[in-house]
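[1] sequence unknown, structure follows:
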């Protein structure tokens, strides 16, 4: 393995069954094996576990978002690397003078890496934004834009027109990056979101999702070819398997509002949550939700309230969370898990006119919960949908039928069966690399 470099490509929504039903287990010289993801099987949690080899109870990324009890504010998709606790699997590798790059990984800003690229638009005071990417070192983004021949489009990365075009730019940029000795890293971690959009919009059985898979495979082939030419081994893995929505859309915050646990305030005709006075609130994330309960005496009644929602399969208390390696200070006092076919939505209002201003816009940082409706247009071109019935794919659960997958051009120690196994095997591979 002397002199080898490693390219790690994490593909959103690359489930084992979804892939193998279309192309089989063997593709382009790779053999894809099933792998159990971490719980919850969402992007930030998975990436936190891969970069540390630890469960979320240890690294702290318990979902894509969380509620800060001190500030009494919900945060989603925050990008500080300090949110991910624990030593990185590449620490010793980098300590030997090796270079590490992170391309479009979550929580990568300020990471212990030599190169990083992540979307970081500047929002204007009077609406609109200046599209840009955060780059380390300075000038990396401009250099890659010149190599690709165009800037990265944030609109293709998330929102109603999000598409495989975002993965195309990432593919071309990574190929150019690893072909150039000046920007070539010894370990390069890449995130490809190509599958995520149509699988959430249409579900994994739809023809649009099949086309998205073909687009992803085309991108993977180009990266594999570029990696081989530059002396890289390649590891490809999925973060979760997308489930088909066929059941209830669950609204835990509506149940909490009706029960008197969620406090709200009217601003004009709009209904906003009052976190300072709320006794309980749910931060939703696909098939799971963290429920934050201020007074321990309210936990059991809150559990009964939420457990009665049709479509909720489990309500995990702290003891149950500990068994699932999810008990971290950022976790809710309760964690909801939707039944197969259902998912958990963040809205608390029931009348359309009471929807907060941000409900009809792409606003991933202010919405107190993940909103897949942002993948659809709303009534007007400048708005996104608020119709939760449009969502056809969801994720977060683990277990039967939800295996992710991995494949590598090199041998991985121990034949990994879980995501954490794969992270630890990658760490061992890096230990032996020279």
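    Cool, got the structure. This one's a predicted model, so the numbers in the text were calculated from it and none came from an experiment.

[2] Can you show me the helices along the stretch 101-250 of the chain?
    Defined through DSSP state H, counting those that start in this stretch, the helices belonging to the stretch 101-250 of the chain, from first to last, are 140-148, 164-179, 196-202, 207-229.

[3] Would you indicate which residues of the third one are buried?
    By neighbour count with 16 or more other Cβ atoms under 10 Å, helix 196-202 contains the buried residues 196, 197, 198, 199, 200, 201, 202. From N, CA and C alone the C-beta is placed, and that goes for glycine too.

[4] Export those to CSV and append columns for pLDDT.
    Listed next are the buried residues of helix 196-202 as CSV, based on pLDDT from 0 to 100:
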residue, pLDDT
196, 97
197, 97
198, 97
199, 98
200, 98
201, 98
202, 97
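
[5] Of those, just say which sits nearest to residue 349.
    Distance ranking of the buried residues of helix 196-202 against residue 349, using Cβ to Cβ, places residue 200 first at 22.7 Å.

[6] Distance check, that closest one against residue 396.
    Remark: distance between residue 200 and residue 396 (Cβ to Cβ, to the nearest Å) = 12 Å.

[7] which stretch of helix or strand covers the residue lying closest to residue 354 once chain neighbours are set aside?
    In this structure, residue 354 finds its nearest non-sequential neighbour in residue 271, 4.1 Å apart by Cβ to Cβ, 6 or more residues apart in numbering. The secondary structure element spanning residue 271 is strand 270-273 (assigned by DSSP states H and E).

[8] right, and the helix or strand after that strand?
    Once strand 270-273 ends, the next helix or strand along the chain (criterion: DSSP H and E) is strand 280-285.

[9] Can you name the next helix or strand after that next one?
    strand 288-293.

[10] separation between residue 346 and residue 219?
    31 Å.

[11] So which of those two has more stuff around it?
    residue 346 (26 against 22; other Cβ atoms under 10 Å).

[12] What number of residues are in the vicinity of the residue lying closest to the more buried one once chain neighbours are set aside?
    Distances taken as Cβ to Cβ, 6+ apart place residue 369 nearest to residue 346, at 2.8 Å, with adjacent residues excluded. Close neighbours of residue 369, defined as other Cβ under 10 Å, add up to 25.

[13] right, and residue 369 touches residue 77 too?
    No. Judged on Cβ atoms under 8 Å, residue 369 makes no contact with residue 77 at a distance of 11.3 Å.

[14] list the residues that contact both of the two?
    For the pair residue 369 and residue 77, residues contacting each of them under the criterion Cβ atoms under 8 Å, 6 or more residues apart in numbering are residue 65.

[15] Any stretches of this structure with poor pLDDT?
    Per-residue confidence of the chain (counting by pLDDT under 70) places the weak regions at 1-3.

[16] mind giving me the domain ranges of it?
    Here the chain is described, according to automatic domain parsing, as comprising the domains 5-244+398-432, 249-391.

[17] Export the buried residues of helix 196-202 as TSV, with columns for distance to residue 184.
    What follows is the buried residues of helix 196-202, written out as TSV (distance: Cβ to Cβ, whole Å):
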residue	distance to residue 184
196	28
197	30
198	32
199	32
200	34
201	36
202	38
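
[18] Out of those residues, flag the one nearest to residue 297.
    Using Cβ to Cβ, residue 200 comes nearest to residue 297 of the buried residues of helix 196-202, at 38.2 Å.

[19] got the buried residues for stretch 103-113?
    103, 104, 105, 106, 107, 108, 109, 111, 113.

[20] scratch that, stretch 229-245
    Applying a neighbour-count criterion of 16+ other Cβ under 10 Å, the buried positions in stretch 229-245 are 230, 232-245.

[21] which one of the helices of the stretch 101-250 of the chain is the most hemmed in?
    By mean neighbour count, with neighbours taken as mean count of other Cβ atoms under 10 Å, helix 196-202 ranks first of the helices of the stretch 101-250 of the chain at a mean of 25.

[22] outside of that helix, which residues touch it?
    So helix 196-202 is in contact with 12-13, 18, 162-164, 206, 208-209, 211-212, 242, 372, 375-376, 390-394, going by Cβ under 8 Å, 6+ apart.

[23] which among these end up buried?
    Applying 16+ other Cβ under 10 Å to the contacts of helix 196-202, the neighbour count classes 12-13, 18, 162-164, 206, 209, 212, 242, 372, 375-376, 391-394 as buried.

[24] Can you add distance to residue 283 and give the helices of the stretch 101-250 of the chain back as JSON lines?
    Compiled in JSON lines, the helices of the stretch 101-250 of the chain are given as follows (distance: least, Cβ to Cβ, whole Å):
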{"stretch": "helix 140-148", "distance to residue 283": "31"}
{"stretch": "helix 164-179", "distance to residue 283": "26"}
{"stretch": "helix 196-202", "distance to residue 283": "19"}
{"stretch": "helix 207-229", "distance to residue 283": "27"}
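
[25] Residue 303 is nearest to which of these?
    Between residue 303 and the helices of the stretch 101-250 of the chain, the tightest spacing by Cβ to Cβ is seen for helix 196-202, at 28.9 Å.

[26] for the residue nearest to residue 354, what are its contacts?
    Remark: with contacts taken as Cβ under 8 Å, 6+ apart, residue 271 is in contact with 264, 265, 348, 349, 354, 355, 356.

[27] next one: residue 406
    If a contact means Cβ under 8 Å, 6+ apart, then residue 406 has 32, 33, 35, 235, 236, 237, 238, 412, 416, 422 as its contacts.

[28] And residue 205, by the same measure?
    Residue 205 is in contact with residue 244, counting by Cβ under 8 Å, 6+ apart.

[29] Quickly note the distance from it to residue 242.
    As judged by Cβ to Cβ, residue 205 and residue 242 stand 10 Å apart.

[30] Now stretch 58-67: buried residues?
    Burial within stretch 58-67, assessed by neighbour count using 16+ other Cβ under 10 Å, is assigned to 59, 60, 61, 62, 63, 64, 65, 66, 67.

[31] Setting aside sequence neighbours, what's the nearest residue to the third one?
    Pointing back at residue 61 there. On the basis of Cβ to Cβ, 6+ apart, the spatially nearest residue to residue 61 that is not a chain neighbour turns out to be residue 48, at 3.6 Å.

[32] How about the fifth one?
    Of all residues beyond its chain neighbours, the one nearest residue 63 is residue 285 (4.4 Å), with distances taken as Cβ to Cβ, 6+ apart.

[33] cool, residue 202 as well?
    Distances taken as Cβ to Cβ, 6+ apart put residue 208 closest to residue 202, at 4.6 Å, once the chain neighbours are dropped.

[34] From residue 392, how far out is the one you found?
    Going from residue 208 to residue 392 by Cβ to Cβ gives 10 Å.

[35] Then residue 84?
    For residue 84, the distance to residue 392 - Cβ to Cβ - is 31 Å.
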